[in-house]
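Enquirer: Got a predicted structure here, sequence first:
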Amino acid sequence: MRKPISLLISLILLLFLNATPSSATPKVFVNGQGVRFDVLPIVKNDVTLVPLRAIFQALGAQVNWDGTTQTIFAIKNGISVKLSIGEKIAYKDGKPVTLQEPARVIGGSTLVPLRFVSEAIGAGVAWDGTNQVVTITSGDSGSQSNTPVGTIKVHFLDVGQADSILVQFPNGQNMLVDAGNNDDGPAVVSYLKQQGIKKIDFLIGTHPHEDHIGGMDNVIQSFESGQVFMPRVTTTTKTFEDVLTALKAKGLKIITAKAGVTVFDQGNLKVNFVAPVGSSYDDLNNWSAVTRIQYGNIPFLLTGDAEAQSEGEMLNSGANLKADVLKVGHHGSSSSTSPAFLKAVAPKYAVISVGAGNDYGHPDKGTLAKLANAGVQVYRTDQDGTMVFTSNGNNITVEKLRSTVKPRAPDTNTVITPTAPIIPVAGGYIGNKNTKKFHLPSCSSLPSEGNRVYFKTRDDAIKAGYVPCKICNP
Ligand SMILES: [Zn+2]
Ligand SMILES: [Zn+2]
């Protein structure tokens, strides 16, 4: 059986070599659109090899070429493909796959096996031998074939009353900013795994509050991490200790996140910190590492829980704060998003990471009004679930995944109650009149001022019939 086929292939090859190329060169269609190649595809041992960039672009995948190791790395919808020149073992999501024909460099162009790369990233491939036509269906709706190579994806995970943001860079690297509350760790890990994440190249803990670094120990334990950034501030909470222990176990060191630090700068793609500007704050929130990402013409600003004081310092620092997408500071609290800061950022989109019916009354009515008056389109994790912002460097698309992390986004808008200013308490315990739970003042889920009752000692709280909070374990 093999002989006649190879004979046929030789014949085709012979035909291809002698006849005008267009008559014997396979034509490739992706989602009904013909793919134009600068270098013509070739058929070798029954395998069609096509130019690398053109095919991945047509398939809507991000592709990266490492000249030193002669390795091709492509990613689409979280599925990764790795091929090396002349190497018959390729990798799909890190698992080896044997190729009939390896990728080759021919006439200075890199050619890859068409069927393997297409099928690996989830496309269907049909071959019409009579007409020499390859039809590929990439399974994406719309004009995926027009998607430029290289998109950035920023996922705002719905982790309830907490923050967690995944950034997938066009070069296949990943960054995670915060990891939700303590009990969100496993859900964040599973979401990252669903996206095909193998390594967190850049891990950022904005500040040591539990609703930001709570799940970080799970993330550190579950993935390989590259560089870890946190502001230069410590707390004595168990949550913070857990993160330090997890980092130590993996031999990871913390790099100080502060204004002026550049995570990386690849020209077209840059990540840097614009806060904290100062070196001493009363409120941990103002220690928040504020990350600015710029891809092409599209900047993102991720502010953690930075409040008005830090916002003022960022403005005075003269740093570029302009962003098309703003992760609104401190869950939309009234303590953040000062008018001057909002004016400087001038976002088109704002994302508020907030839990439905939270005890703080976040987001603040006034903050929502400010954003609305500025013509900003607001997205909220409690209403929209997990959101993915995708950009090719020129425009942005928003996709709502409706709470794939936490099944708790309500169907209707939540009632927003104005919140009284939170009075800082030195020591003691804070009870919630509604839930009859008591908390440490440092707890991430303290009740709003109106629902609070203060206890001097733990015994006082227990005697009053209050039970310890499971998050802060007072
Ligand atoms: Zn927070
Ligand atoms: Zn905080």
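Expert: Perfect, I can see it now. Residues are numbered from 1 along each chain as shown. Ligands and ions are numbered 1, 2, ... in the order given.

Enquirer: Chain neighbours aside, what residue packs nearest to Met230?
Expert: Gly205 (4.3 Å; CB to CB, 6 or more residues apart in numbering). Just so you know, the C-beta spots here come from the backbone N, C-alpha and C atoms, and that holds for glycine as well.

Enquirer: what about the one you found, how many neighbours?
Expert: The criterion is other CB atoms under 10 Å. On that basis, Gly205 has 27 neighbouring residues.

Enquirer: Same check on Pro339?
Expert: Neighbours around Pro339, by other CB under 10 Å: 12.

Enquirer: quick one: contacts for the residue of the stretch 351-474 of the chain found nearest ligand 2?
Expert: Using CB to the ion, Ser444 is the residue of the stretch 351-474 of the chain that sits closest to ligand 2, at 7.2 Å. Ser444 sits next to 161-162, 181, 209-211, 214, 471-472 when contact means CB atoms under 8 Å, 6 or more residues apart in numbering.

Enquirer: Could you do Pro113 as well?
Expert: Counted by CB under 8 Å, 6+ apart, Pro113 has contacts 47-49, 99-103.

Enquirer: and it, backbone torsions?
Expert: Per-residue torsions, Pro113: phi -70, psi 120 (degrees, to the nearest 10).

Enquirer: Tell me if I'm right that Asn432 and Pro447 touch.
Expert: Yes. Under the criterion of CB atoms under 8 Å, Asn432 makes contact with Pro447 at 3.9 Å.

Enquirer: what about Lys253, how many neighbours?
Expert: Look at Lys253: counted by other CB under 10 Å, it has 8 neighbours.

Enquirer: Model confidence for it, exactly?
Expert: Looking at Lys253, its pLDDT is 97.

Enquirer: and if you look at the one 5 residues further on?
Expert: Predicted confidence (pLDDT) at Lys258: the value is 98.

Enquirer: Tell me the spacing between Gly122 and Leu59.
Expert: 9 Å (CB to CB, to the nearest Å).

Enquirer: Kindly apply the preceding question to Gly329 instead.
Expert: With CB to CB as the criterion, Gly329 and Leu59 are 38 Å apart.

Enquirer: can you check Ala344 too?
Expert: Taking CB to CB as the measure, Ala344 falls 39 Å from Leu59.

Enquirer: Tell me which of the two has more neighbours.
Expert: Leu59 (27 against 17).

Enquirer: and the nearest residue to that one once chain neighbours are set aside, what is it in contact with?
Expert: In this structure, Leu59 finds its nearest non-sequential neighbour in Ser138, 5.4 Å apart by CB to CB, 6+ apart. Residues in contact with Ser138 (CB under 8 Å, 6+ apart) are 30-31, 59-60, 118, 121-123, 144-145.

Enquirer: Swap in 10 Å and give it another go.
Expert: 30-31, 58-61, 76-77, 118, 121-124, 144-145 (CB atoms under 10 Å, 6 or more residues apart in numbering).

Enquirer: quick one: the strands in the stretch 251-400 of the chain?
Expert: Under the criterion DSSP state E, counting those that start in this stretch, the stretch 251-400 of the chain carries strands at the ranges 254-256, 262-265, 269-275, 290-295, 298-302, 325-327, 349-352, 377-380, 387-391, 396-400.

Enquirer: got a markdown table for those strands, with mean neighbour count and distance to ligand 1 too?
Expert: Converted to a markdown table, the strands of the stretch 251-400 of the chain look like this (neighbours: other CB atoms under 10 Å; distance: least, CB to the ion, whole Å):
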| stretch | mean neighbour count | distance to ligand 1 |
| --- | --- | --- |
| strand 254-256 | 15 | 19 |
| strand 262-265 | 14 | 21 |
| strand 269-275 | 21 | 15 |
| strand 290-295 | 24 | 13 |
| strand 298-302 | 24 | 12 |
| strand 325-327 | 26 | 11 |
| strand 349-352 | 25 | 11 |
| strand 377-380 | 19 | 15 |
| strand 387-391 | 20 | 18 |
| strand 396-400 | 15 | 22 |
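
Enquirer: Which among those strands is found nearest to Pro186?
Expert: Counting by CB to CB, Pro186 lies closest to strand 387-391 out of those; the figure is 20.6 Å.

Enquirer: and the strands of the stretch 251-400 of the chain as JSON lines, adding distance to Val228?
Expert: Shown next, in JSON lines, are the strands of the stretch 251-400 of the chain (distance: least, CB to CB, whole Å):
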{"stretch": "strand 254-256", "distance to Val228": "5"}
{"stretch": "strand 262-265", "distance to Val228": "11"}
{"stretch": "strand 269-275", "distance to Val228": "13"}
{"stretch": "strand 290-295", "distance to Val228": "13"}
{"stretch": "strand 298-302", "distance to Val228": "16"}
{"stretch": "strand 325-327", "distance to Val228": "20"}
{"stretch": "strand 349-352", "distance to Val228": "24"}
{"stretch": "strand 377-380", "distance to Val228": "28"}
{"stretch": "strand 387-391", "distance to Val228": "24"}
{"stretch": "strand 396-400", "distance to Val228": "28"}
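
Enquirer: can I get those strands in JSON lines with distance to ligand 2?
Expert: JSON lines is the format used below for these (distance: least, CB to the ion, whole Å):
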{"stretch": "strand 254-256", "distance to ligand 2": "18"}
{"stretch": "strand 262-265", "distance to ligand 2": "21"}
{"stretch": "strand 269-275", "distance to ligand 2": "13"}
{"stretch": "strand 290-295", "distance to ligand 2": "13"}
{"stretch": "strand 298-302", "distance to ligand 2": "14"}
{"stretch": "strand 325-327", "distance to ligand 2": "13"}
{"stretch": "strand 349-352", "distance to ligand 2": "14"}
{"stretch": "strand 377-380", "distance to ligand 2": "18"}
{"stretch": "strand 387-391", "distance to ligand 2": "21"}
{"stretch": "strand 396-400", "distance to ligand 2": "25"}
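
Enquirer: and those strands, which one's lowest on average pLDDT?
Expert: Across the strands of the stretch 251-400 of the chain, strand 396-400 gives the lowest mean pLDDT, at a mean of 89.

Enquirer: List the neighbouring strands of it plus their orientation.
Expert: Strand 396-400 sits in its sheet next to strand 387-391 (antiparallel), going by DSSP bridges.

Enquirer: near ligand 2, which residues of the stretch 101-250 of the chain?
Expert: His209 (CB under 5 Å from the ion).

Enquirer: which residues of the stretch 101-250 of the chain fall in strands?
Expert: Under DSSP E, counting those that start in this stretch, the stretch 101-250 of the chain gives strands at 104-106, 109-113, 124-128, 133-137, 152-156, 165-168, 174-177, 199-204, 224-230.

Enquirer: can you tell me which of the ones you listed comes nearest to Val81?
Expert: strand 109-113 (9.0 Å).

Enquirer: what are the pairing partners of the closest one, and which direction each?
Expert: strand 47-51 (antiparallel), strand 104-106 (antiparallel).

Enquirer: Just want the angle from the longest one to strand 133-137.
Expert: In other words, strand 47-51. 70 degrees (axes from the mean of the first three to the mean of the last three CA atoms, to 10 degrees).

Enquirer: so how far is strand 47-51 from its chain's centroid?
Expert: 33 Å (CA atoms, centre = their mean, to the nearest Å).

Enquirer: hmm, back to that, quick check on Asn432 and Pro447: which one has the bigger neighbour count.
Expert: Shown here are Asn432 and Pro447; by other CB under 10 Å, Pro447 has more neighbours (22 against 19).
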